[in-house]
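Visitor: Need coordinates for the below:
(2 chains)
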Amino acid sequence: MPYPERCAVFVDHVAPASNVASAEGQIKARSFAREQGIAAFYESGCGVCHQLMVQEHLVEPGMVAIGSDSHSTTYGAIAAFGTGMGSTDVALAFATGRTWLRVPETVRVDLVGRLRERVDAKDVALHLLGRIKADGFTYRAVEFHNAEQFSLASRMTLSSMTTEMGAKAGIVAPDEVTRAYAPMPDWLDAPDSAAATYDSRIAVDLDKVEPLVARPPRVDDVVPARMLGDVHVDQVFLGTCTNGRLQDLRAVADILRGRRIAETVRMVVVPASRRVLQDALADGTLAILLNAGATIGPPGCGPCIGRHMGVLGAGEVCLSTSNRNFAGRMGSPKARIYLGSPCTAAATALRGAITDPRDV
Amino acid sequence: MPRAWLFGQDIDTDQIIPGRYSPYMTSEEELSNFAFIEHRPEFAASVRPGDVIVAGRNFGCGSSREYAPRALQKCGIAAIIAPSFARIFFRNAVNLGMALFEADLTARIRDGDEVALDLPGSKLVVAATTYALPQLPEFVQQIQREGGIVAFYRRYGRFPGEVHV
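Guide: Below you'll find the model as predicted:
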């Protein structure tokens, strides 16, 4: 391997292992990292790869980063070009230090106005999905502008969700938030914006975005939570690379403080990383969630991919803060997954039915 | 005679093969048994080598799992024809040396139609009609001709089109 110092290996998808086959896959990953001298090896329990890439500063503004997981677009949150590839692509990059890329056309998304209370970046992403659909940004690099009011955590949600729009990258134009994360190369810190050419432009009026949900089995079948009618849920899942950060856990704790979730609901909370878990423990967030009746899982991907810790049975309904609601994604193909924000997840857990967080 | 399997638009990788059937949850050998296991349960048992998939736009959206195109390859699918592919699925299939064509034949071909695929001639013959299939860029064809990106790299020690090594 020419550049082991530029490589990282994570055990996050079924971590800790749920069966013999996954345990043996993880043995291979561990021994591979050791043999190749990859120091950046993150054992199960450390967290989701995308969270760790940013949290541990494995990726910096201006870098090109590829990952063998589709949500590698997350690194756009810190103005890196992050994109997902398959395992052969990543293996070849490991082996050669190089890859092939077709330079994508860019779509500019202008964020206008201010988000209202209990509306967040996930709702913005769902709003975009509803408008442009699941292939609306296929092969495009998405560039978000005027994102000053969005925290790093919110930017990671936005960038992560561009994958569901077909995008190759979802980059938030760098600003003070980016600078606070890490110093930027000059070309990135003072870009020549006059030289930028855009394939298309779209504006999002943030004041008009409401708490939204995506109905199963399509990420782009998006409706306001209030318009949904009575949808009983069996499980609420808070977590993933899209919405498992401290900010997300705190937003839920703010709504659940001193209250208990509905008796008919199981609430599974999986922090995106060990540090998120530790921070949530230190500031009392975790106690609020536990007192409300939530179950806390070890940091990682959790039940998002339906392999463990909250798999759904036939006929069950889940409100998830994850990024995909495809049939069979979290277990039985007869289970139904609705996607929503952390606040919508909290309100839904309280009521036992999908609920607009402004109504609790 | 090979047949066409007709699919709609936005066929996601969880429909092609659910994550619960990944090689790390089962085994590489069993992969072909799980293609479309929930979306179209009869597929894996009745697909024959040489069959083609004709689908709507955004085929293969969703995860980066390479075992999605790999499962279809192991089933013997000779080509996938769709007006557009999700980008990671597209790369993965090309890297594995699979034949892809960007064309919309969903309104012209019925599920189960007998088809004759002429790969070198880039044509699909269905009954008395011949459909010309648009060729992908030369760069991609070079990878496909070698049987995939690993075979290409092993042979040439570089990526297609790469000048400096």
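Visitor: okay, and the helix or strand of chain B with the least pLDDT?
Guide: Here the helix or strand of chain B ranked lowest by mean pLDDT, DSSP states H and E is helix B:138-145, holding a mean of 92.
Visitor: neighbouring contacts of the following helix or strand past that one?
Guide: Using DSSP states H and E, the next helix or strand after helix B:138-145 towards the C-terminus is helix B:149-156. Outside helix B:149-156, the residues within contact range by CB atoms under 8 Å, 6 or more residues apart in numbering or on different chains are A:Thr88, A:Asp89, A:Leu92, A:Thr96, B:Val94, B:Asn95, B:Gly97, B:Gln142, B:Ile143, B:Glu146, B:Phe159, B:Pro160. Just so you know, the C-beta spots here come from the backbone N, C-alpha and C atoms, and that holds for glycine as well.
Visitor: Tell me which residue lies nearest the centroid of chain B.
Guide: In chain B, the centroid-proximal residue (CA atoms, centre = their mean) is B:Ile80; its distance is 4.2 Å.
Visitor: average pLDDT for the helix or strand where that residue lies?
Guide: Under the criterion DSSP H and E, the helix or strand holding B:Ile80 is strand B:79-82. Per-residue pLDDT values over strand B:79-82 give a mean of 98.
Visitor: Pull the distance from it to the chain's centre.
Guide: Distance of strand B:79-82 from its chain centroid, counting by CA atoms, centre = their mean, to the nearest Å, is 6 Å.
Visitor: Give the other helices and strands that it contacts.
Guide: Strand B:79-82 sits against strand B:52-54, strand B:100-102, with contacts defined as 3 or more CB pairs under 8 Å, 6 or more residues apart in numbering or on different chains; DSSP states H and E.
Visitor: how about the residue nearest to A:Thr355 when sequence neighbours are not counted, secondary structure?
Guide: Among residues not flanking A:Thr355 along the chain, A:Ala347 sits closest, at 4.0 Å (CB to CB, 6 or more residues apart in numbering or on different chains). A:Ala347 falls in the helix class when you classify it by DSSP: H, G, I helix; E, B strand; the rest coil.
Visitor: how close does A:Ala347 get to chain B?
Guide: 27 Å (CB to the nearest CB, to the nearest Å).
Visitor: That residue contacts A:Leu256, doesn't it?
Guide: No: A:Ala347 is not in contact with A:Leu256 according to CB atoms under 8 Å; the separation is 9.4 Å.
Visitor: ok, those two, which is more surrounded?
Guide: A:Ala347 (27 against 24; other CB atoms under 10 Å in any protein chain shown).
Visitor: who's in contact with the more buried one?
Guide: A:Ala225, A:Ile255, A:Thr355, A:Asp356, A:Pro357, A:Asp359, A:Val360.
Visitor: what's the domain layout of the chain?
Guide: Went with chain A since none was named. A:4-93, A:106-208, A:212-359 (automatic domain parsing).
Visitor: The intended chain is chain B.
Guide: B:4-134, B:135-165.
Visitor: so after the helix or strand bottoming out on mean pLDDT in chain A, what's the next helix or strand?
Guide: When each helix and strand of chain A is scored by mean pLDDT, DSSP H and E, helix A:186-189 comes last, with a mean of 87. As assigned by DSSP H and E, the chain's next helix or strand after helix A:186-189 is strand A:200-205.
Visitor: would you put the C-alpha positions of stretch B:136-152 in CSV?
Guide: Extracted C-alpha coordinates of stretch B:136-152, given in CSV (Å, rounded to 0.1, in the frame of the first residue of the first chain):
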residue,chain,number,x,y,z
LEU,B,136,-20.9,4.1,-23.4
PRO,B,137,-17.8,6.3,-23.6
GLU,B,138,-14.6,4.6,-24.8
PHE,B,139,-13.1,5.0,-21.4
VAL,B,140,-15.8,2.8,-19.9
GLN,B,141,-15.7,0.3,-22.8
GLN,B,142,-12.0,-0.2,-22.3
ILE,B,143,-12.7,-1.4,-18.7
GLN,B,144,-15.6,-3.6,-19.8
ARG,B,145,-13.5,-5.2,-22.6
GLU,B,146,-10.9,-6.3,-20.1
GLY,B,147,-13.5,-7.8,-17.8
GLY,B,148,-13.3,-5.1,-15.2
ILE,B,149,-11.1,-2.5,-13.6
VAL,B,150,-9.0,-5.0,-11.6
ALA,B,151,-8.2,-7.0,-14.7
PHE,B,152,-7.5,-3.7,-16.6
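Visitor: What are the buried residues along it?
Guide: Within stretch B:136-152, the residues that count as buried by 16 or more other CB atoms under 10 Å in any protein chain shown are B:Leu136, B:Val140, B:Ile143, B:Gln144, B:Glu146, B:Gly148, B:Ile149, B:Val150, B:Phe152.
Visitor: Then stretch A:330-343?
Guide: In terms of neighbour count (16+ other CB under 10 Å), stretch A:330-343 has its buried residues at A:330-333, A:335-343.
Visitor: Around chain B, which positions in chain A sit nearby?
Guide: A:13-14, A:19, A:21-22, A:25, A:68-70, A:72, A:84-89, A:92, A:96, A:98-100, A:134-135, A:138-139, A:166, A:168, A:218, A:305-307, A:324, A:326-329, A:331, A:333 (CB under 8 Å from any CB of the partner chain).
Visitor: Could you turn the buried ones of the residues you listed into a ChimeraX selection?
Guide: To isolate the buried members of these in ChimeraX, using 16+ other CB under 10 Å:
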select /A:13,14,21,22,25,68,69,70,72,84,85,86,87,88,89,92,96,99,100,134,135,138,139,166,168,218,305,306,307,324,326,327,328,329,331,333
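Visitor: quick one: which of the residues of chain A next to chain B sit in helices?
Guide: A:Ala21, A:Ser22, A:Gly25, A:Ser87, A:Thr88, A:Asp89, A:Leu92, A:Thr96 (DSSP state H).
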